[in-house]
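**Student:** Sequence first, then the predicted structure:
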Amino acid sequence: MQRTPSINFHEILMNFMKRLLPCPQFFRFTLYLFVIFFLFSCSNSRKAIYFQDLPKDTTLTNLVSKDFEPKIQKADLLGITVASLSPENTALYNAPQNAEGPLTGFLVDENGNIQFIKLGKLHVEGMTRKELKSLLEKDLSPYLKDPVVAVGFLNRHVTLMGAVSPQVLPMVSDNMTLLDALAASGDIGAKGRPDNILVIRENGNSKEFKRLNLTDKSIFYSPFFYLQPNDIVYVEPMKIKQDQTTRIISYVTTGLSLFIFILSRL
């Protein structure tokens, strides 16, 4: 009985290597893929760099001012604290008022008013906190000895969406910048486009839409650099198609590199 010859896989592989290695087309193709992958990598990393046109060791002048006093608006929840040289009488004025979620304070109604103990209805819309502080201290003088009033905002926030960690971010400062908000959300990262950030801002009964570019210094001259209450910041994601192309090229070049390395060791 005639025996079937066994298949020698090692010999087949060696013959394949001998035919493949001298092939200049194979190496040209591999080099071509490496160049494409390198260009894609450079392009993506270049997009992620902020302020690319900013000269080294420079000073920018005539920037947008951060010295402004925010005005009280409808639906603001105000934190008002009253102190006095007659502390036994202040508890009444510091009692919890309107509640909004876990917060309690003085809610500005649809007419721009708040209700304050002893003083009744006060129209506060359009006032700054300093103006309201002065008004309350003056009006409370007949009831308290040397009253001191502190006024703060309790529910002001901005909303972050898109290729960042989506969240509603409290405005802990009157001068919160776009960079502050992005840093608090964990920054943009590789999935977002720093050159195409959309800020949506309420202006009365209308909405303003502004595109900002963090890759150049023009951001520091924009009035949208400083965020306002209820601003929505949307970071546009990188195009999925480009992401997939880069990933495929990465897989192919990595596989070819590994294959060439294995062949060179045999």
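**Tutor:** Sure, I can see it.

**Student:** Give me the contact list for stretch 185-192.
**Tutor:** With C-beta atoms under 8 Å, 6 or more residues apart in numbering as the test, stretch 185-192 has contacts from 44, 48, 160, 162-165, 167, 169, 182, 194, 214, 235-238, 243. All C-beta spots, glycine's among them, are computed from the backbone N, C-alpha and C.

**Student:** now do stretch 225-241
**Tutor:** Looking at what lies outside stretch 225-241 - C-beta under 8 Å, 6+ apart - the contacts are 44, 64, 66, 68, 70, 73, 76, 153, 156-164, 171, 175-178, 180-182, 188, 190-194, 196-202, 212, 219.

**Student:** ranges for the helices of the stretch 51-200 of the chain?
**Tutor:** Using DSSP state H, counting those that start in this stretch, the helices of the stretch 51-200 of the chain run over residues 129-140, 178-184.

**Student:** These: lowest mean pLDDT?
**Tutor:** Mean pLDDT per stretch puts helix 178-184 lowest among those, at a mean of 92.

**Student:** Give me the phi and psi for the closest residue in space to residue 197 that isn't next to it in sequence.
**Tutor:** Leaving aside its sequence neighbours, residue 197 sits nearest to residue 212 (C-beta to C-beta, 6 or more residues apart in numbering; 4.6 Å). Dihedral pair for residue 212: phi -120, psi 150, per degrees, to the nearest 10.

**Student:** Residue 212: neighbour count?
**Tutor:** 18 (other C-beta atoms under 10 Å).

**Student:** That one contacts residue 220, correct?
**Tutor:** No. Assessed by C-beta atoms under 8 Å, residue 212 is found out of contact with residue 220, at 10.6 Å.

**Student:** quick revisit: out of the contacts of stretch 185-192, which are buried?
**Tutor:** Buried members of the contacts of stretch 185-192, scored by 16 or more other C-beta atoms under 10 Å, are 48, 160, 162-164, 169, 182, 194, 214, 235-236, 238.

**Student:** Redo those as JSON lines? Include distance to residue 103.
**Tutor:** Shown next, in JSON lines, are these (distance: C-beta to C-beta, whole Å):
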{"residue": "48", "distance to residue 103": "37"}
{"residue": "160", "distance to residue 103": "21"}
{"residue": "162", "distance to residue 103": "27"}
{"residue": "163", "distance to residue 103": "30"}
{"residue": "164", "distance to residue 103": "25"}
{"residue": "169", "distance to residue 103": "16"}
{"residue": "182", "distance to residue 103": "25"}
{"residue": "194", "distance to residue 103": "34"}
{"residue": "214", "distance to residue 103": "32"}
{"residue": "235", "distance to residue 103": "28"}
{"residue": "236", "distance to residue 103": "33"}
{"residue": "238", "distance to residue 103": "37"}
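
**Student:** Residue 106: which of the residues you listed is nearest?
**Tutor:** residue 169 (22.8 Å; C-beta to C-beta).

**Student:** Can I get stretch 158-172 in PDB? Just the C-alpha atoms.
**Tutor:** Presented in PDB, the C-alpha positions along stretch 158-172 are these (Å, rounded to 0.1, in the frame of the first residue of the first chain):
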ATOM      1  CA  VAL A 158     -22.900  75.900  32.200                       C
ATOM      2  CA  THR A 159     -23.600  72.700  30.200                       C
ATOM      3  CA  LEU A 160     -20.800  70.700  28.500                       C
ATOM      4  CA  MET A 161     -21.700  68.300  25.700                       C
ATOM      5  CA  GLY A 162     -20.100  66.400  22.800                       C
ATOM      6  CA  ALA A 163     -16.600  64.900  22.800                       C
ATOM      7  CA  VAL A 164     -16.000  65.700  26.500                       C
ATOM      8  CA  SER A 165     -17.400  64.300  29.800                       C
ATOM      9  CA  PRO A 166     -21.000  65.600  29.500                       C
ATOM     10  CA  GLN A 167     -22.100  67.400  32.600                       C
ATOM     11  CA  VAL A 168     -23.800  70.400  34.100                       C
ATOM     12  CA  LEU A 169     -21.000  72.400  35.700                       C
ATOM     13  CA  PRO A 170     -21.700  74.800  38.500                       C
ATOM     14  CA  MET A 171     -20.300  78.300  38.000                       C
ATOM     15  CA  VAL A 172     -18.200  78.700  41.100                       C
END
